[in-house]
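*Asks:* model the following, please.
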Amino acid sequence: MEIMELAAKLGQAIKADERIAKMNEAKEAYEKDEKIQALMLEYNTQQIALAEEYKKEPVDEKIIDAIGNRLDEIVAEVTAMPVFVQINEAQEAVNALMNEVNAEIEFNITGERPCTHDCHSCGSDCGHHHH
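*Replies:* Predicted coordinates for the structure are as follows:
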């Protein structure tokens, strides 16, 4: 079998994984959530306003601080919302799956397993070459 045929089969198998389904469900819920979408729109608008303020001479620190504070409030509100937590957790699960797949491919090419943990947790005695 050609490499690209195998890659297509691997892609189909990954697409069928429940972690991908959960990610798609979380993404759909995120996109349909009107409150989070309104907050993200405001966030983007505030970012543009902040960039414009930095272009002005002289720079008005009070306005910049006010915009910065509002941006922080939006981030805090969004990251606390269940729909955000759900999409974040789903994305982490998909990322872990892809890392496992890539590690297995690398192992089959090189015969070596990549370091998949925090090397600080092993006291640097894992045999991994630290730079």
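*Asks:* low-confidence ranges in the chain?
*Replies:* Low-confidence regions of the chain, defined by pLDDT under 70, span residues 116-131.
*Asks:* is Pro114 in contact with Ile105, as I believe?
*Replies:* No - between Pro114 and Ile105 there is no contact, the gap being 10.2 Å when judged by Cβ atoms under 8 Å. Any C-beta I mention is one placed from the backbone N, CA and C, and that applies to glycine too.
*Asks:* hey, which helix is longest across this structure?
*Replies:* In the chain, assigned by DSSP state H, the helix with the most residues is helix 82-110.
*Asks:* buried set for that one?
*Replies:* For helix 82-110, a neighbour-count test (16 or more other Cβ atoms under 10 Å) marks Val83, Phe84, Gln86, Ile87, Ala90, Ala93, Val94, Leu97 as buried.
*Asks:* for stretch 95-109, which outside residues touch it?
*Replies:* For stretch 95-109, the surrounding residues in contact (Cβ atoms under 8 Å, 6 or more residues apart in numbering) are Leu10, Ile14, Asp17, Arg19, Ile20, Glu112, Arg113, Pro114, Thr116.
*Asks:* which element is the second one on?
*Replies:* When you say that, I think you mean Ile14. Under the criterion of DSSP states H and E, Ile14 resides in helix 3-15.
*Asks:* for stretch 57-70, list every residue counted as buried.
*Replies:* The neighbour-count criterion (16+ other Cβ under 10 Å) identifies Ile67 as the buried residues of stretch 57-70.
*Asks:* can you check stretch 10-20 too?
*Replies:* Neighbour-count burial for stretch 10-20 flags Arg19 (criterion: 16+ other Cβ under 10 Å).
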